[in-house]
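Asker: below are the sequence and a predicted model for it; my questions follow.
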Amino acid sequence: MLITSFLILFSAKIQAQNEEVIPKKDELIVEANTKVRDSIDPLTPSKAAFYSAILPGLGQAYNKKYWKIPLVYAALGTGIYFYIDNTNEYNRYRDAYKRRLAGFTDDEFQGISDEALIRAQRTLNKNREISLLVTIGIYALNIIDANVDAHLLQYNVDENLALQPHFKINELDATTNLGLTLNFSF
């Protein structure tokens, strides 16, 4: 009886193996609910940063964020404008002061003392340096924005990962409860 039951089980196992379909090596089996995601290119952020370093706004165009390009040029143009304006004013006051030192009295600032001309030169020089630093900072911010934006374009946001706030009213004591829920589905 033991041998008979062993033979029955063994023959059932052989029959089950014969009915099993073994896929060929060349066939690709895809489940019905799987999603094919775009591949992540690790060089995309560095390309965007490089393009923005070469020409401001080009990294934003590479990321297809065309609306940021006028903002970049407006910010850089404003910094450059104030740098040029402060330089021109500084040169006016410096030239007037130099003419006074040379003995001329016919400059455009006749009602202003020599000490006031020196203070104006110092203030305008300081403003010129600040304008230059702000312009360089905006240029660097342009590069950083292109890099970060390229990173975020590749960020995976789907329904399997969700972080949602929730608001519940406690019916027992009529108070409200705020919370944050993290859902992760495999």
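Answerer: Here it is on my side, so go on. Everything numeric in this text was worked out from a predicted model, so none of it was measured.
Asker: helices of the chain, residue ranges please.
Answerer: 2-19, 44-54, 58-62, 68-101, 114-153 (DSSP state H).
Asker: Leu172 is nearest to which of those?
Answerer: Nearest to Leu172, of all the helices of the chain, is helix 114-153, at 42.7 Å by CB to CB. The way it works is simple: take the backbone N, C-alpha and C, and place the C-beta from them, glycine included.
Asker: what helices or strands is that closest one leaning on?
Answerer: Judged by 3 or more CB pairs under 8 Å, 6 or more residues apart in numbering; DSSP states H and E, the packing partners of helix 114-153 are helix 44-54, helix 58-62, helix 68-101.
Asker: could you dump these to JSON lines with distance to Asp107?
Answerer: Shown next, in JSON lines, are those (distance: least, CB to CB, whole Å):
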{"stretch": "helix 44-54", "distance to Asp107": "44"}
{"stretch": "helix 58-62", "distance to Asp107": "46"}
{"stretch": "helix 68-101", "distance to Asp107": "4"}
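Asker: looking at those helices, which is buried most?
Answerer: Comparing the helices and strands packed on helix 114-153 by mean neighbour count (mean count of other CB atoms under 10 Å), helix 58-62 comes out on top with a mean of 21.
Asker: what's in contact with that helix?
Answerer: 47-53, 66, 68-69, 72, 142-143, 145-147, 149-150 (CB atoms under 8 Å, 6 or more residues apart in numbering).
Asker: stretch 85-92 now?
Answerer: Here stretch 85-92 makes contact (CB under 8 Å, 6+ apart) with Glu108, Gln121, Leu124, Asn125, Asn127, Arg128, Ser131.
Asker: swap the cut-off to 7 Å and go again
Answerer: Applying CB atoms under 7 Å, 6 or more residues apart in numbering, the contact partners of stretch 85-92 are Gln121, Leu124, Asn125, Asn127, Arg128, Ser131.
Asker: looking at those residues, which one is closest to Tyr81?
Answerer: For those, the minimum distance to Tyr81 (CB to CB) is 8.5 Å, reached by Ser131.
Asker: quick revisit: which of the contacts of stretch 85-92 sits closest to Gly57?
Answerer: Closest to Gly57, out of all of the contacts of stretch 85-92 and judged by CB to CB, is Ser131, at 20.2 Å.
Asker: before I go, just wanted to say thanks for your time.
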